[in-house]
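Chemist: mind folding the following:
(2 chains)
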Amino acid sequence: MIRAVIVMNTQGKPRLLKFYEFQPPEKQQELTRSVFAVLSGRPDNVSNFVEADAIFGPGTRLVYKHLATLYFVFVFDSCENELAMLDLIQVLVETLDRCFKNVCELDIVFNFNKMHTILDEIIFGGQVLETSSERVLKAVEEISRLEKSSSSVSFVPKSVSGRFGR
Amino acid sequence: RSEAPIPDPFWASLSSSSMAATSSSPSLVDTLFQRSLDDLIRALRSSSSSSVLEAAAIARALDEIRREIRSPDLDTKAVALQKLTYLASLHHLDMSWAAFHALELLPSPSLPHPRVAYLAASLSFHPSSTDLLPLATHQLRKHLAPSPPTPPPSWPPALHLLALASSADLACHLASDLLPILSGPLRPKAIATALRAFAVCPDAAPVLFKPLVDCLSLSSEPRAVSAAVSAFCELALAAPDPSPYLPLAPEFYRLLVDSRNNWVLIKVLKIFARLAPLEPRLAVRIHDPVCQLLRRSPAKSLVFECIRTVLSSLSDDDAAVRLAVDKIKEFLASDDDPNLRYLGLQALAMLGPAYLWAVEESREVVIQSLNDTDTNIRHEALCLIMGMLCESNVVEICNLLIQYAMKSDPDFANEILDAVLATCGRNVYELIVDFDWYVSLLGEMARNPHCAKGDEIERQLVDIGLRVRDARPELVLVARDLLIDPAPLGNPFLCRVLSAAAWVSGEYVESSRNLLELVEALLQPRTNLLSSLVRAVYIQAVFKVVTFSFISFIKQIQAFDTKSSADRNAAFESENGVATADKAVIFDSIDNNETIKHESVSHLLDFVETTVGPLSECDDVEIQERARNVLGLIHIIRETRYWDIVAEHGLTRDKKISEIVELMEAAFSEELGPVSTNAQKRDTVPEGLILNENLSDLAEILGDIDVTPCTSILFSLRCHHPTETKEDSAPVIEPSSLLAEHRKRHGLYYLPTEKDEVESNDYPLASDRLLAVSHVDDAKDIVKLTAQSFIPRKAKPTKPRPVVIRLDEGDGVSSSGLTMVKEFKDDLLSGAIRNVLLGNESKPSSSRDMSSDRTSRRGENDASNNNDLFSQPKESNALDGREHRKSSSRKSRHHTRHKEKNGSPGNEDIEETSHRHSTRSSRHQGRHKHRQRGDAPPDVVSQEPVIQDFLL
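Modeler: Okay, the predicted model is just below:
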């Protein structure tokens, strides 16, 4: 199964953290730090796999992709194929790109909920469910449509920014 | 922020509208306007320049959230929870205190509210930390309630929570609620949830397993098939014994042949790789489809999985392995993709020693990979090379690797050293034939500027000294080179190596060529850079050297004296009764080769006295004590009457001298041997000794005694020290006899060498001879290795392997721990699944506690499933109302268990009839026509023929 999905920027700030095996907050911080320590030491143009036994326990591996200012990291065990995981990162990135039209770090920063919605369509409870970014996109759009129709009131009615514009 | 406390009702009535107001609202703005998540993120970003600012911003936000989240207004609460979730997830705050507020939002009719609540819950809830989880049961059930035709939007998040945070109780209670979803459009998610439910609650397996198996059928939606196969892959790979999944092999085989989905194929291959060792015929069956995929598939991920399957499950099939190796070569040759090269090397490493030719063919790539910029690739290449080591090539490869380590970066240099040390030291140096070479290699390793493996080098240097007698002269030479060089003294990583070198040159001083040089090295000024413990070892070595040189000198004179008398040998032997044979031989050799002059010994003593003298005042007790020992010895030697007189032959006439010689010899004559890891076990506990007795009484007794006699201090000169309060130095005779007694007492631990050698007779002396080492002069070029073969060759004989002392089976073998707890849990699950698949319907007790109507419904499902899949039906006529117990086809080991449960072996008939009944009620009878064929008598059918029917 997939143990964790981590998106962090090149300064080590986490942008999306999802652990499919429960980790208490301090542990999450520690894991994120160790992953960043490993990744930041790796030059470009090297292989995308890292043995993660020391960080996530025996038999785990980590595959990552460095895109612009972000690291996309998947942690998985022997039930997953290494190259398939690399493809799955591509699926996630592609979906984000289509969803946000030329995705950049800022989109990910400001769309916490949507990021989780997208990720949950691709990976669910550590299992890969969907590998077509088109279908993921459709499902995500359907969810936001339902959300809108279900609450006629704006979700954040009392927001300062909502009242006075930006 | 502190304001005059206003009574709650009053304030609440003021702000009774939809405002987010609570009793402690500090300012009007804060109560009127709530910051949204975006506002919060913006605030955090503007303060992210310094960690102090950021922490303040987070603290402020947290204050707000604590206030807002208690608001009766659900929107306010939802936004607050959303903000809190964000902070908890990305700023690692604890949000367990807000668990109840998340639960409060679950029943909200507005869809975004439960979604926010579920997101918060799935990120932060866990049975181990959230004791409120049972409160969610009801709401989860409501959200999962079947509502055809379209699934309500509350399903996915509810499932998500269940998948990530469910406890055993929750999973058991809600397992039946998953059933309708497992056949609906949200199947994939439900399958993933069911998988997690199995993990926490094996009792859920009987309920959920059949729908999961159904999802494998061709008619299912492709995504459901994919999810189901992943689930089975997860289950089979995690189970300590995957045999319960064997009956599903035909389904997986069908998918392997028919499916065009790479994701599904990868998972199916993984399942087969796990199942194949259990059932040899499976390997035969999957051979063709796997090879087909290997040849045809353009997807590298699938090809890699095929390679892995072939190497693990079809490794006996030469053609398949050949094909896989060709594909591996393609991977290795992909210059532009380091991932493929890395995985290719990993695949090579999976090949067993039987396929050395495959590595041999890719030798060049492997060696060149040592130079790769990618640390992963270098690491894999190193592992591969280490795996190829054998007696005949260990010398050349290790030489080159160590030279390569000299010029590579620190991390990799240490990785190389580590690998070489581990491989060469494996199983009491089984690879090493030429210990002289290996000992000098150890010395070379210590010279590596990046060397941080001092501890292991130290261990091996000492260990070889203890175990391999023939290597000692070379060991002493290597130690001398290390000790003489002043450079390593400043390197903290090497002090352990130096400690070993000092010990070796002290213990085996008889192999030393120049004693004065050795003592000078041991006492050079830069030794004050060493830690006190290592320095203590140095001084102890000096002590041994001084003892040795003195004894040799006296022996020499005695030998000279006795030469004139006729029965020289007899006298010599009688005098040397205490010494072991080999020492006597060495004294003889000294006697023959070189003569020790009185001046040289005297000079040595002078030198030692002047350099060690100041150390007797050292702060550190270890150094001080040993320095005093040395000085004490010199003092005793000097005190002998004839020492200062140059007339050498007078010396032997002094009885005291021969006494001293005898004592000194007794102190150091017995050889130290390696200590067996099981030595302690062999020692029998004396009668009346209770090992676990509390020793607290001892403190009382010890409290009365001010100074306990210290027997470990030998030849102490403390009486000469003005401030010394302890008793006078003991007579020479006493300490040394104490030491001898100590050794005698602990003879069980320091196993005598003679005995070891007798034991080691059963260790096969390596008959293989060492290859004449062709010295590569320009060894800097690592690629030179490519010219040499990894394959073991018949080597020319040079010299036999020396005796290496091995103590017993347990020596050097570390026991591997097993995680019993996890296995137990897994066994529960696989037991439950075996029950479902193989038709044993006796359920675990806790599932019986559920409401009776559900149990009966489920029981029927199960039974039809079981029998449908695995029984071999005969004509069905009788209809028995009894509960279906199990299929009659099972006569394997589960049968005995079943019998126990039934209590009597005489109910075969009942089983027979019940089985028929279930066959008739089977819904899928038509689909599995081939299963109808088996009409073997029920008594003899075992588990295996079931599979045979499916597959062959």
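Chemist: can you check which helix is longest in chain B?
Modeler: If you go by DSSP state H, chain B has its longest helix at helix B:532-564.
Chemist: could you list every helix and strand in contact with that helix?
Modeler: helix B:495-507, helix B:515-522, helix B:568-575, helix B:581-593, helix B:598-612, helix B:621-639, helix B:655-669 (3 or more Cβ pairs under 8 Å, 6 or more residues apart in numbering or on different chains; DSSP states H and E). Glycine gets a C-beta too; all of them are placed from N, C-alpha and C.
Chemist: need phi/psi at B:Leu431.
Modeler: Note on B:Leu431: backbone dihedrals following degrees, to the nearest 10 are phi -80, psi -20.
Chemist: just list the residues touching B:Leu135, thanks.
Modeler: Each residue near B:Leu135 by Cβ atoms under 8 Å, 6 or more residues apart in numbering or on different chains is listed here: B:100, B:103.
Chemist: correct me if wrong, but it is in a helix.
Modeler: Yes. Checked against DSSP: H, G, I helix; E, B strand; the rest coil, B:Leu135 lies within a helix.
Chemist: distance check, it against chain A.
Modeler: 18 Å (Cβ to the nearest Cβ, to the nearest Å).
Chemist: what's the weakest-modelled helix or strand in chain B?
Modeler: None of the helices or strands of chain B scores lower by mean pLDDT, DSSP states H and E than helix B:753-759, at a mean of 37.
Chemist: which parts of chain A are strands?
Modeler: A:2-9, A:14-19, A:49-51, A:61-67, A:70-76, A:123-124, A:127-128 (DSSP state E).
Chemist: with distance to B:Ser128, mean pLDDT and mean neighbour count added, can I get those strands in CSV?
Modeler: Rendered in CSV, the data for the strands of chain A read as follows (distance: least, Cβ to Cβ, whole Å; pLDDT from 0 to 100; neighbours: other Cβ atoms under 10 Å in any protein chain shown):
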stretch, distance to B:Ser128, mean pLDDT, mean neighbour count
strand A:2-9, 17, 94, 22
strand A:14-19, 13, 94, 21
strand A:49-51, 28, 90, 19
strand A:61-67, 25, 93, 19
strand A:70-76, 20, 95, 24
strand A:123-124, 22, 90, 24
strand A:127-128, 22, 92, 24
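Chemist: columns distance to B:Ala559 on top of the ones you listed, output as a markdown table?
Modeler: Putting the strands of chain A into a markdown table (distance: least, Cβ to Cβ, whole Å) gives the following:
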| stretch | distance to B:Ala559 |
| --- | --- |
| strand A:2-9 | 74 |
| strand A:14-19 | 78 |
| strand A:49-51 | 63 |
| strand A:61-67 | 69 |
| strand A:70-76 | 73 |
| strand A:123-124 | 84 |
| strand A:127-128 | 84 |
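Chemist: I'd like those as JSON lines, with distance to chain B appended.
Modeler: Output for the strands of chain A, formatted as JSON lines (distance: least, Cβ to the nearest Cβ, whole Å):
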{"stretch": "strand A:2-9", "distance to chain B": "10"}
{"stretch": "strand A:14-19", "distance to chain B": "5"}
{"stretch": "strand A:49-51", "distance to chain B": "6"}
{"stretch": "strand A:61-67", "distance to chain B": "9"}
{"stretch": "strand A:70-76", "distance to chain B": "11"}
{"stretch": "strand A:123-124", "distance to chain B": "5"}
{"stretch": "strand A:127-128", "distance to chain B": "4"}
